[in-house]
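Novice: One predicted model, sequence on top.
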2 protein chains.
Amino acid sequence: MSRRTAPRPHADETRARIVDAALQALRSDGIAGASARAIARHGGFNQALIFYHFGSVEGLLVAVARRESERRSVLYAPALRRATSLPELVRVARHLHEEEFASGSVAALTQMLAGAARSEDLARGTWDALEPWTALVGETIERLIAGTPYQEVLPVGDLTSAVTALFLGIELYAGLDPDGGDSTLFTTMESVAALVDGMLRGAQPSGAGA
Amino acid sequence: MSRRTAPRPHADETRARIVDAALQALRSDGIAGASARAIARHGGFNQALIFYHFGSVEGLLVAVARRESERRSVLYAPALRRATSLPELVRVARHLHEEEFASGSVAALTQMLAGAARSEDLARGTWDALEPWTALVGETIERLIAGTPYQEVLPVGDLTSAVTALFLGIELYAGLDPDGGDSTLFTTMESVAALVDGMLRGAQPSGAGA
C-alpha cells in the first residue's frame, strides 16, 4: 500500500478517487500511459484497487467516460432545456466547447476514442457512457422541430447522432488548429443555425423528397 | 540491417515503404505501439532508416497523414468536382466514409489524433497534411453557394471547417457505435442537405442577421 492511501475510506470515495487518477493519467500521458501502474501512481494508491473496484483498466476508463458524460449532462441540462431555437443551441454548444476545451476534457476524450478504436469493450462502454448526453441532445432537437413541417420528415435519432458527431468533430479539429480557430467556426455555425431556424419556422419541406 | 532490406533501393521507394510500415503499425498497434522499433519491425528494415529519411517518428507520422490526405484528395476530386448540389456532396461523403472505414484509414486517423493531442509538432503536421483535402472541400462549397443569396453571408473557410469537422466526427462516432449505425445517419444527412439545398436556391437569407 502506498503511503497516501487513506485508512478504509468509503467505497464511493475510493472509486471517485480512482476515476480522478485515471482522468489525470489520460490527460498527462494519453491512452498509451493509462496503465494500472501509471494510474495508481497518479492517485497514490495500490493498483490492486483498480481491479477490485472496476475489474480491469478498461472498466475504469469506461467509468471515467460515464462520469464525465453525466457531469456534463447535469451541468448543461438547464441551458439546453431553456434553448428555444437552433442559434441558442449553438450558443450552448460554444460555451460547452470553451469550458471543456480549457479543462482538458477534450484531450482526455481524444485518448478514450483512440483506445476505443482498438478495443471493442472500450468502444461499447464509451458509446453507452455517452447515453445521458445524447438523450439530452435528442430531447432538445425533438423540442426544436416539434410543430414544424419537418417533424415528420427528419428522424430525431439520426439528427441527434449528426449533432453529436459534429460537436465531437469540432472538438478534435480545433485541437489540431494551430490558431485554435474555433471562435469564428462557432460564429459561422450560429449564422447557419439562424438560416436553418428561419427555414424550420417557414415554408413547406419541399426539398425533403429530392 | 534486417534480412528483408533491399540493397540500395531508390530513396522514394524506401520512403514509401517506411510510410506503409508506419500506417500498418498505427492500424495494428495504435499510437501507443508506433515506436521506431515497432514500425521497423512491421516493415522489416532497420529503424535508423526512419531517422535518416524523416528525422523522427513524428516526422514519419506527419508524412503518413500527408500521403493519406493526398491519396484521398486525388481519389475523390473528380466526384467532388462533379457535385452540383449539397445532397450530391453528401453522397460523395457517404461513399468516402464507407471506403475509408472499411480500409482501416479511420482507425489510423483516430490514432494520429490521439498522438496530436499530446504533441504540438504532430498536431501542426496533421493540420498541414489535411490541407489538400480541406482545399478541395472548400472549392466545392464555394461553387455550391456561388450565385445564391448566401454567398456573401457565409464565410467559406468556416463552412469548410464545419464540414470537415462533421465528417471527422461521424467517422469517430461511427467507430463507437456497436451497430455501425452510419448508413441511416448519412440518409438523414441527405434529407437535411436536400432541405438546405432547397433553401440555398430559394428565398432571401432573412434569418442570417438574427
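Specialist: Structure received. Residues are numbered from 1 along each chain as shown, chains lettered A, B, ... in the order given.
Novice: what's the first-to-last distance across stretch A:169-188?
Specialist: 15 Å (C-alpha to C-alpha, to the nearest Å).
Novice: burial measure for A:Val64, as a count.
Specialist: 26 (other C-beta atoms under 10 Å in any protein chain shown). From N, CA and C alone the C-beta is placed, and that goes for glycine too.
Novice: and it, what does it touch?
Specialist: If a contact means C-beta atoms under 8 Å, 6 or more residues apart in numbering or on different chains, then A:Val64 has A:19, A:22-23, A:26, A:108, A:112 as its contacts.
Novice: Which strand or helix spans it?
Specialist: Using DSSP states H and E, A:Val64 sits within helix A:57-82.
Novice: Kindly report the same for A:Asp128.
Specialist: Using DSSP H and E, A:Asp128 falls within helix A:120-129.
Novice: ok, and for that helix, which residues are buried?
Specialist: Within helix A:120-129, the residues scored as buried using 16 or more other C-beta atoms under 10 Å in any protein chain shown are A:122-123, A:125-127, A:129.
Novice: now the angle between helix A:57-82 and it, please.
Specialist: When axes from the mean of the first three to the mean of the last three C-alpha atoms, to 10 degrees is applied, the directions of helix A:120-129 and helix A:57-82 differ by 20 degrees.
Novice: Give me the distance between the nearest residue to A:Val106 once chain neighbours are set aside and A:His97.
Specialist: In space, A:Val106 comes closest to A:Glu171 once its chain neighbours are excluded; the distance is 4.7 Å by C-beta to C-beta, 6 or more residues apart in numbering or on different chains. Applying C-beta to C-beta, to the nearest Å, the value for A:Glu171 to A:His97 is 7 Å.
Novice: ditto for A:His42
Specialist: Distance check for A:His42 against A:His97: by C-beta to C-beta, it reads 26 Å.
Novice: Check A:Asp177 too.
Specialist: Relative to A:His97, A:Asp177 is positioned 13 Å away (C-beta to C-beta).
Novice: What of A:Leu109?
Specialist: 12 Å.
Novice: And A:Gly115, by the same measure?
Specialist: Distance, A:Gly115 to A:His97, using C-beta to C-beta: 22 Å.
Novice: Those two: who's more crowded?
Specialist: Remark: of A:Gly115 and A:His97, A:Gly115 carries more neighbours, 30 against 19, as counted by other C-beta under 10 Å.
Novice: got a list of contacts for whichever strand or helix holds A:Tyr52?
Specialist: Per DSSP H and E: A:Tyr52 is located in helix A:48-54. Applying C-beta under 8 Å, 6+ apart, the contact partners of helix A:48-54 are A:11, A:14-15, A:18, A:36, A:39-40, A:56-57, A:60, A:63.
Novice: Now that A:Gln101 has come up, it's in contact with A:Ala174, right?
Specialist: You called it Gln, but residue A:101 is Phe. Yes - A:Phe101 lies in contact with A:Ala174 (C-beta atoms under 8 Å); the separation is 6.8 Å.
Novice: If you count surrounding residues, which of the two has more?
Specialist: More neighbours surround A:Ala174 than the other of A:Phe101 and A:Ala174, with 20 against 17 (other C-beta under 10 Å).
Novice: Which helix or strand contains the more buried one?
Specialist: helix A:156-176.
Novice: What's the first helix or strand after that helix?
Specialist: Downstream of helix A:156-176, the next assigned helix or strand under DSSP H and E is helix A:183-201.
Novice: pLDDT score for the residue nearest to the spatial centre of chain A?
Specialist: Nearest to the geometric centre of chain A sits A:Ser69, at 5.3 Å (C-alpha atoms, centre = their mean). Per-residue pLDDT puts A:Ser69 at 88.
Novice: How about the contacts made by it?
Specialist: Residues counted as contacts of A:Ser69 (C-beta under 8 Å, 6+ apart) are A:129-133.
Novice: Filter those down to the buried ones.
Specialist: The neighbour-count test (16+ other C-beta under 10 Å) marks A:129-130, A:132-133 as buried among the contacts of A:Ser69.
Novice: Can you tell me how far the closest residue to A:Pro178 other than its chain neighbours is from A:Glu152?
Specialist: For A:Pro178, ignoring the flanking residues on the chain, the nearest one in space by C-beta to C-beta, 6+ apart is B:Arg124 at 5.3 Å. Distance from B:Arg124 to A:Glu152, counting by C-beta to C-beta: 46 Å.
Novice: what's the answer for A:Leu80, then?
Specialist: From A:Leu80 over to A:Glu152 (counting by C-beta to C-beta), the distance is 23 Å.
Novice: Look at those two and report which has more neighbours.
Specialist: Taking other C-beta under 10 Å, A:Leu80 and A:Glu152 do not tie; A:Leu80 has more neighbours (19 against 10).
Novice: surely the more buried one meets A:Leu89?
Specialist: Yes - between A:Leu80 and A:Leu89 there is a contact under C-beta under 8 Å: 7.3 Å.
Novice: Find residues that contact each of the two.
Specialist: Shared contacts of A:Leu80 and A:Leu89 (C-beta under 8 Å, 6+ apart): A:Thr140.
Novice: Show me the shaky parts of chain A.
Specialist: Where chain A drops to pLDDT under 70, the residues are A:1-9, A:180-183, A:200-210.
Novice: Try it again at 80.
Specialist: Judged by pLDDT under 80, chain A has its weakly predicted residues at A:1-9, A:101-102, A:104-107, A:117-118, A:148-154, A:175, A:177-185, A:187-189, A:191-192, A:195-210.
Novice: Can you name the helix or strand that A:His42 falls in?
Specialist: Element membership for A:His42 (DSSP H and E) is helix A:36-43.
Novice: For that helix, enumerate the helices and strands it packs against.
Specialist: Helix A:36-43 is packed against helix A:11-29, helix A:48-54, helix A:57-82, with contacts defined by 3 or more C-beta pairs under 8 Å, 6 or more residues apart in numbering or on different chains; DSSP states H and E.
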